[in-house]
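> Based on what follows, work out the 3D shape:
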Amino acid sequence: MALITRDVDRFEAARPRLEAIAYRLLGSSSEAEDAVQETFLRWQAADVRRIEVPEAWLTKVLTNLCLTMLTSARARRETYVGSWLPEPLLAGDPMLGPADTAEQRESVSYAVLVLLERLSPGERAVYVLREAFDYPHREIAEILDLTEAASQQIYHRAKKHVADGKARTEIDEAAARKVVEEFLAAATSGRTEPLLRLLTQDAVSIGDGGGKVPARAKAFEGALAVATFLRGLFKPSAAKRALVGGAAEIYATTANGGPAVVAVVDGRVVGITCLEVTAEGITAVRSQINPDKLVRATERWAAEGPGGSPLHTL
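Below you'll find the model as predicted:
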């Protein structure tokens, strides 16, 4: 059924919210866009005059599409080369969604996106809809074809799984930049001692190259192992420049609301390293270097610019 302009406008008004939901559910901007586009096609094919609450209808269709995609994605990740990490989004990306409350900001933090991988697709959907978008359990139950009591039970179970991770520290943009500056100063010093002072004893470092860029399949664990790895990673070399296609400029920024290091070669983002910070120090260093997961970041970088000078060049 052909849509009139008003119906298209109604969908477009809902698109930012739908994309933000899909990104939190899937951890990928391209998959989120695919899910939203499929939702639009179903909206286009529906008799929208019979849909009493369009926003609820769209959310239900989108969420169930994402659940199907999550199930198939998990099967693909069993054969994924190396470690799988979510796609980070740079500061200001509209797909990050609402950030008015601490719960909303934490729900899209890189650390929480990683933890959400522990949840079943259903648990993830309930957690995202409740925690990030404040849907009442009655509506979540209707979206997922559950009872309200089941939605509440699933939410509490999912929240416990996420809370089992370390107590993360929320910091503002200025503090995040300071964390990155201190981290880069230590990482480029050529010594492990400055890094050891910033890292927690149980710190981990992991990277996702997707089989397209060399990345260790297993995480480095423990402060000394992580510090030793980082000292080598941030040491300039001709081999590194050949691998990424030139000298990489290193910037301090935020991704998913947290401190991040961005490596850029000729305007192309070649790596985003997200730092997870607790009261004790930096507890996780997660690097996304799979070029397929940096396309949106490169587009945003080109549109917004670096917002400052590089802190280092590799």
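> Quick one: name whatever helix or strand follows the strand or helix carrying Asp9.
Per DSSP states H and E: Asp9 is located in helix 5-26. Counting by DSSP H and E, the next helix or strand C-terminal to helix 5-26 is helix 29-45.
> Does anything pack onto that next one? Which helices or strands?
helix 5-26, helix 54-77, helix 295-304 (3 or more CB pairs under 8 Å, 6 or more residues apart in numbering; DSSP states H and E). All C-beta atoms are positioned from the backbone trio N, CA, C, and that covers glycine.
> which of those helices sits most buried?
Highest mean neighbour count of those: helix 5-26, a mean of 19 (counted as mean count of other CB atoms under 10 Å).
> follow-up on the earlier one: which strands and helices sit next to the helix holding Asp9?
helix 29-45, helix 54-77.
> For Ser309, which of the ones you listed is the nearest?
For Ser309, the closest of those is helix 29-45, at 27.4 Å, according to CB to CB.
> Dig out what Val269 forms beta bridges with.
Following DSSP bridges, Val269 is listed with bridge partners Val264.
> how near is it to Arg286?
15 Å (CB to CB, to the nearest Å).
> Spell out, range by range, the helices that occur in this protein.
5-26, 29-45, 54-77, 102-107, 110-116, 121-127, 137-144, 148-163, 173-187, 193-198, 223-233, 238-244, 295-304 (DSSP state H).
> TSV for those helices, including distance to Met95 and mean pLDDT?
Listed next are the helices of the chain as TSV, based on distance: least, CB to CB, whole Å; pLDDT from 0 to 100:
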stretch	distance to Met95	mean pLDDT
helix 5-26	5	93
helix 29-45	6	95
helix 54-77	14	91
helix 102-107	13	86
helix 110-116	12	93
helix 121-127	17	96
helix 137-144	20	96
helix 148-163	20	93
helix 173-187	18	91
helix 193-198	30	96
helix 223-233	28	96
helix 238-244	25	88
helix 295-304	8	94
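> between these, which one is nearest to Val213?
Here helix 238-244 is closest among these (CB to CB), at 7.3 Å.
> Could you list the buried residues of that closest one?
Using 16 or more other CB atoms under 10 Å as the burial criterion, the residues of helix 238-244 that qualify are Val244.
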